[in-house]
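Sequence first, then the predicted structure:
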Amino acid sequence: MRELNLDQLRTLVAITELGSFSAAARALHLSQPTVSLHVAELESKFSTVLLVRGGRRVAATSSGEVLVARARLLLRESASTVDLMKRQQNGERGRVRLGTSSGAMVHLLPQILERLDGARTGVEVDVTLGRSQELLAKLYVGGIDIALVATPQPDYPGIEVKPWRDTPMLAMLPSNWSAPKIVTPRWLADRPLIFNEPTTHVHQQTMEWFAAAGLHPVSRIEISHNEVARRLIATGYGAAILPFEDPSETLEGRVRAVALRPTMTRRLALAYSSSKLGTDGVRRVLAIIDEFRQLRA
């Protein structure tokens with residue numbers, strides 16, 4: 001089978017996004033016969049129908065959807081490679097791919113990116129969001145260069161994982177609830193609860209905290225994004241145990257942050273491939289991120 005043709009893939013993506021061959025032809029500055037030829041050659045290459053013609057919009061078949069998803073990744077990587085080479089020629093330091101979870105970095109990530117920009121490192125940073133375990137696996141196979149992950153994590157050969165930041169875990173309650181100054185597992189277990197999704201470290205820590213007191217409460221809802229959880233808490237929907245990074249997380253007084261007994265801490269680590277330390281761009285980004293290090297004694 002011949003190698004994939006990026007021009008053909010770009011045409012396929014444009015058709016599915018714009019809904020017709022003619023619209024794709026106009027957007028890509030191609031003739032309509034050329035657009036049709038690109039699709040025909042792709043369908044011949046994979047011996048399958050990729051698009052459903054007819055109706056008001058052209059739609060992808062199940063096989064077409066798979067190829068379109070992969071095509072977007074390939075086109076993005078191709079554009080990134082071209083940009084990287086241009087930056088190298090201009091004496092800039094290239095591009096670094098940073099992976100982090102949205103829950104861990106909703107407040108810190110903008111500060112880190114602002115600091116990188118202010119430091120004039122000459123490095124462009126691409127950000128990938130995901131769960132810690134997924135990000136570490138992606139780091140191992142070379143899909144990203146640096147990852148900020150919750151710990152503990154499994155060991156990967158050649159991957160360095162350095163403690164980076166400790167964040168207190170607090171009970172986040174609707175401000176109109178009557179609550180003690182310090183929240184215990186028994187008190188919180190009797191309230192409607194909002195949990196992180198079971199695959200997250202926060203969920204695991206929360207369940208271990210309750211289990212140590214002989215409790216196993218059932219949540220009212222499970223949510224992957226801490227920001228959404230805080231919004232629900234503000235409406236009185238329930239309470240949650242969440243990392244507390246910034247006073248703005250109280251949503252202008254609608255959410256109350258209360259200490260836990262026993263206490264809990266969420267630890268984030270800075271992970272990177274030891275082989276990438278020779279890359280100037282990676283070293284510079286690591287140095288900036290390290291400025292935000294905050295560990296408890």
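Nice, I can see it.

From now on I want contacts and neighbour counts done on CA atoms only, so please keep to that.
Will do.

quick one: buried residues of stretch 205-217?
Gln205, Thr206, Met207, Trp209, Phe210, Pro217 (16 or more other CA atoms under 10 Å).

What segments of the stretch 101-250 of the chain are helices?
102-105, 108-118, 132-140, 185-189, 201-211, 226-234 (DSSP state H, counting those that start in this stretch).

quick one, phi/psi of Arg56?
Phi and psi for Arg56, reported as degrees, to the nearest 10, are phi -80, psi -30.

That one: what's it in contact with?
Residues near Arg56 by CA atoms under 8 Å, 6 or more residues apart in numbering: Gly19.

what about the helices of the stretch 101-250 of the chain, which gets the closest to Ala60?
helix 132-140 (28.4 Å; CA to CA).

now stretch 194-205, how far from the centre of its chain.
Distance, stretch centre to chain centre, for stretch 194-205: 16 Å (CA atoms, centre = their mean, to the nearest Å).

list the buried ones in that stretch?
For stretch 194-205, using 16+ other CA under 10 Å, the buried residues are Ile194, Phe195, Asn196, Thr200, His201, Val202, His203, Gln205.

which residues touch the fourth one?
Going back to what we said before, that points to Thr200. Taking CA under 8 Å, 6+ apart as the test, what Thr200 contacts is Arg131, Ser132, Ser224.

Can you mark which positions in stretch 60-78 are buried?
Across stretch 60-78, burial judged by 16+ other CA under 10 Å covers Ala60, Gly64, Glu65, Leu67, Val68, Ala71, Leu74, Leu75.

ok, for the first one, nearest residue in space, not its chain neighbours?
Taking CA to CA, 6 or more residues apart in numbering, and ignoring the residues beside it in sequence, Ala60 has Leu51 as its nearest neighbour in space, at 4.4 Å.

Need the helices of the stretch 101-250 of the chain in a markdown table (columns: distance to Asp155).
Listed next are the helices of the stretch 101-250 of the chain as a markdown table, based on distance: least, CA to CA, whole Å:
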| stretch | distance to Asp155 |
| --- | --- |
| helix 102-105 | 21 |
| helix 108-118 | 25 |
| helix 132-140 | 9 |
| helix 185-189 | 32 |
| helix 201-211 | 16 |
| helix 226-234 | 27 |
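
so Ile233 makes contact with Leu173?
Yes. With contact defined as CA atoms under 8 Å, Ile233 reaches Leu173; the gap is 6.2 Å.

what mean pLDDT does the longest strand along the chain have?
Ranked by residue count, the top strand of the chain under DSSP state E comes out as strand 159-174. Mean pLDDT, strand 159-174: 94.

now the angle between helix 201-211 and that strand, please.
Inter-element angle recorded for strand 159-174 and helix 201-211: 60 degrees (by axes from the mean of the first three to the mean of the last three CA atoms, to 10 degrees).

just the CA coordinates of strand 159-174, formatted as PDB?
C-alpha atoms of strand 159-174 as PDB (Å, rounded to 0.1, in the frame of the first residue of the first chain):
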ATOM      1  CA  ILE A 159      11.300   8.700  32.700                       C
ATOM      2  CA  GLU A 160      12.200  11.000  35.600                       C
ATOM      3  CA  VAL A 161       9.400  11.900  38.100                       C
ATOM      4  CA  LYS A 162      10.300  14.700  40.500                       C
ATOM      5  CA  PRO A 163       8.000  16.000  43.300                       C
ATOM      6  CA  TRP A 164       6.900  19.500  42.300                       C
ATOM      7  CA  ARG A 165       3.900  20.800  44.300                       C
ATOM      8  CA  ASP A 166       1.800  19.900  47.300                       C
ATOM      9  CA  THR A 167      -1.800  21.200  47.400                       C
ATOM     10  CA  PRO A 168      -4.000  20.800  50.400                       C
ATOM     11  CA  MET A 169      -7.300  18.900  49.900                       C
ATOM     12  CA  LEU A 170     -10.200  20.600  51.500                       C
ATOM     13  CA  ALA A 171     -13.900  20.000  51.900                       C
ATOM     14  CA  MET A 172     -15.700  22.400  49.500                       C
ATOM     15  CA  LEU A 173     -19.200  23.100  50.800                       C
ATOM     16  CA  PRO A 174     -22.100  25.400  49.800                       C
END
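
Give me the buried positions along it.
Buried residues in strand 159-174 (16+ other CA under 10 Å): 159, 161, 163-174.

one step back: in TSV: the contacts of Thr200, plus neighbour count.
TSV is the format used below for the contacts of Thr200 (neighbours: other CA atoms under 10 Å):
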residue	neighbour count
Arg131	20
Ser132	25
Ser224	18
